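Peer 1: Have a look; sequence and predicted model below, questions after that.
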Amino acid sequence: MPDLGAKLRRTAASNGSFYLSDSGGDSSDDELGSGSVGSALLLGGCDDDFSVASGASYSSFASARSASSLPIGADWRRGSDRRRRRNRAQPRERLGSGCSIDGMGKVSASSDDLISLGSYRVEASSSASARRSSMPHSKLKRGVNGPWISVASIRFVGFDVCATISCYTALLPGFLLVAAFFGVAYVVIFSLTTMIGTASPITSTKFKDQDYVVDERKIAYDLKKSIQLYKGRRWPISVREEEMNFEVIRHPAAVDRLGEAVRLAVPRFYLSFDELSGDKKRLLGDGRLLTPRIASMIGTHSTEEGRRNNDIKTRTIFVNIASFRDWRCRVTVESVFGRAKYPERIRVGVVDQIDSGTDPSCDVAIRSCEGYPLQALCKYHDHVDVYEMESSLAVGPTFARHILSRMYRGEFYSLQIDAHTIFTQDWDVDIINQFEETNNDMAVLSTYLFDAEGSVQASTGLSIQKKQVSQCNAYFKGSGRERRLRHDVSDQPESTPRIRGLPQLHPYWSSEFSFSRGHFILTVPYDPHLPMIERQDEEISMAIRGFTHGYDFYAPERNVCFHNTHEAEGAPKPKSSLENSKAYQGKQESAISRLTNIIEMSLEDEWDDVEVEMYSLGKVRDASQFYTCFGVHAREKITERKLCDFVAKGAMHKTFLRHLRNDGMGIDYNQIHFRFHELLRVHELENR
């Protein structure tokens, strides 16, 4: 039985403090440049060493863990039976300034960073932090680029006016003057604040529209305070630097030999309001519509100059990939950076669920970085975070993507894709332009992808696929309690776009491609308590939750990426993340019960409602509005079958878009009053 565990690993080919790799590619091949992700690279090489580095035995790991601050139950070991990767650099006796390894294999450092080297566990300590207790009344302050800096307390020395008169008598007039000054200042500031709040709805505390957040000022304050935790960290912000502050969560299905739930150490959410205020975990906006002011606070730039000028070319993108035993993951990462016009603004997060010793890791370059330094996993290794997890812990798509939600670090945009995706040239500029054409900050560009074969011009990397997929055909499938709503990719109409110049509205969402502003991850994070559900259940859940939080789904007018369905000779065949269904029997049933009750398709008395306040519906729109507008009869479990006539031909887009809010914060469904079958005078019911 393989060891259960998870490990966040430093990407390959980093500096001496981290992993080095030489994958044994053919040195006679041409050097791969950042813009040369052609068919040879995209199809991948199969002469790689698929073995994975081994680590210390469990006993040595346990002793090392007891001496560290890693929470008990979080498993970061590598099994003793696993082989060390060929040509992996051996641990040095000296890791650089302030870092060394003692005879017991324990590494200490004088910086804030956590260092991973082979199977060693590295504990970092700040020398300034260690002195904190010995400095009464001192204050530690984070420098912009340096370590912790101690700032001694300031002592005030005044004139000796107590020699001739009483100190209290001499100081009393001064105290009165100061009090009077602050009193007048308070009155003036309060008056100005009231005037400004009345004049501008953007800066006021409360909004007249009942859909918006109730207390904008408090939310903006908490948001600013949370973002301050990352101040001074340069782009790209990596979760590797936060490993010592990871949060321990329970796996939704796996248990250890003693019957206890397996616990994993995972990154904290980007906005940890519970840490700041001591409150329970909550969402940004608490389920209500974000105001333009709050939305504008979300989004980083790759350069300081770009931030000051709000340069669209420096707006950052977080690409998140859930991979299950997929050798094409590395090819996807190469395509992400190699085909981008501004790759320096991209950060990639991967949850890599692999069978160690059999599957290639997504954080190791396809070929040797020494011979091919321009590969993405070599050139942009600091832009890639890989959370590696044993494949035996995989429980379908949602848990891995929940961890990806935690790996987001304030990027301006977010893109969710599969691990077998190929991009077009300058895709980053194209998709951002399409998003901005909507004039809707709550837009989510989402679609099913075409196959790459026959869709991408090999010489230029440009798309030659002109069709668009409209996600509109949904139906209930199954019988009894197993009867659930789904929209299969093969049932969605494909046609040339009817709406020109911008993406086209449609009602449903796809997990294959989802591009949005970064706040979508913060307001609609993935629910980790849905083990073993299928992709179609995942997509229905996210569509309805996103809708109730105020988001609108669009089909991109132009395709910027495609499915890589190529199977290289000798490479393992793609596998399903549900292959562990036998090991987790019974978990899907309870997960489906939770999902359908959350989206109000079931009204059961008892179901798993753990952390439901974090992963429930929003308060901007009711789920019933979704069902009414798009012909879904949730209680009867039947659907209208002519919805695509309304959606694919552009009628939905033209009808609904006129109700886009003036501030660009989504479509106001309070102004939309009709039932779908009344609009088309069609009410065809599916046979049960």
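Peer 2: Nice, I can see it.

Peer 1: which one is residue 576 nearest to, not counting chain neighbours?
Peer 2: residue 324 (7.3 Å; CB to CB, 6 or more residues apart in numbering). All C-beta atoms are positioned from the backbone trio N, CA, C, and that covers glycine.

Peer 1: what do you get for residue 488?
Peer 2: residue 536 (6.7 Å).

Peer 1: same thing with residue 659?
Peer 2: residue 671 (4.4 Å).

Peer 1: next one: phi and psi at the spatially closest residue to residue 472 that is not a sequence neighbour?
Peer 2: Of all residues not flanking residue 472 in the chain, residue 647 sits nearest, at 3.8 Å (CB to CB, 6+ apart). Per-residue torsions, residue 647: phi -90, psi -60 (degrees, to the nearest 10).

Peer 1: tell me the pLDDT at the residue nearest to residue 659?
Peer 2: With respect to pLDDT, residue 671 scores 91.

Peer 1: number of nearby residues for it?
Peer 2: Using other CB atoms under 10 Å, residue 671 is surrounded by 11 other residues.

Peer 1: and the residue nearest to residue 472, how many residues sit next to it?
Peer 2: 25.

Peer 1: who's in contact with it?
Peer 2: Residue 647 makes contacts with 470, 472, 505, 506, 507, as judged by CB atoms under 8 Å, 6 or more residues apart in numbering.

Peer 1: Repeat the analysis, applying 6 Å as the threshold.
Peer 2: With contact taken as CB atoms under 6 Å, 6 or more residues apart in numbering, residue 647 is in contact with 470, 472, 506.

Peer 1: Residue 239 too?
Peer 2: Contacts of residue 239 (CB under 6 Å, 6+ apart): 267, 385, 407.

Peer 1: With secondary structure and neighbour count added, can I get the residues you listed in TSV?
Peer 2: Output for the contacts of residue 239, formatted as TSV (DSSP: H, G, I helix; E, B strand; the rest coil; neighbours: other CB atoms under 10 Å):
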residue	secondary structure	neighbour count
267	coil	24
385	strand	26
407	helix	24
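
Peer 1: Go through these and say which is closest to residue 592.
Peer 2: Of all the contacts of residue 239, residue 592 sits closest to residue 407, with 26.7 Å by CB to CB.

Peer 1: measure the closest one to residue 395 for me?
Peer 2: 18 Å (CB to CB, to the nearest Å).

Peer 1: Over to residue 320?
Peer 2: 18 Å.

Peer 1: now do residue 629
Peer 2: In terms of CB to CB, residue 629 sits 33 Å off from residue 395.

Peer 1: Pull the residues that contact the one helix or strand residue 445 maps to.
Peer 2: Taking DSSP states H and E as the definition, residue 445 sits inside strand 443-446. Around strand 443-446, the neighbours that count as contacts under CB under 6 Å, 6+ apart are 435, 503, 509, 510, 514, 515, 516, 551, 552, 553, 554, 556.

Peer 1: residues contacting the second one?
Peer 2: What it means is residue 503. Contacts of residue 503 (CB under 6 Å, 6+ apart): 434, 438, 445, 554, 555, 556, 557.

Peer 1: Determine which two of those residues are furthest apart.
Peer 2: The widest separation within the contacts of residue 503 (CB to CB) is 11.3 Å, between 438 and 555.

Peer 1: Of these two, which one has the most company?
Peer 2: The neighbour comparison of residue 438 against residue 555 (other CB under 10 Å) goes to residue 555, with 26 against 20.

Peer 1: give me phi/psi at that one?
Peer 2: Backbone torsions for residue 555, taken as degrees, to the nearest 10, come to phi -90, psi 130.

Peer 1: Now do the contacts for it.
Peer 2: Contacts for residue 555 were tallied using CB under 6 Å, 6+ apart; they are 447, 468, 470, 503, 504, 506.

Peer 1: and the strand holding residue 445, which residues are buried?
Peer 2: Residues 443, 444, 445, 446 are the ones in strand 443-446 that count as buried (16 or more other CB atoms under 10 Å).

Peer 1: can you put these in a markdown table and add pLDDT?
Peer 2: Output for the buried residues of strand 443-446, formatted as a markdown table (pLDDT from 0 to 100):
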| residue | pLDDT |
| --- | --- |
| 443 | 98 |
| 444 | 98 |
| 445 | 98 |
| 446 | 98 |
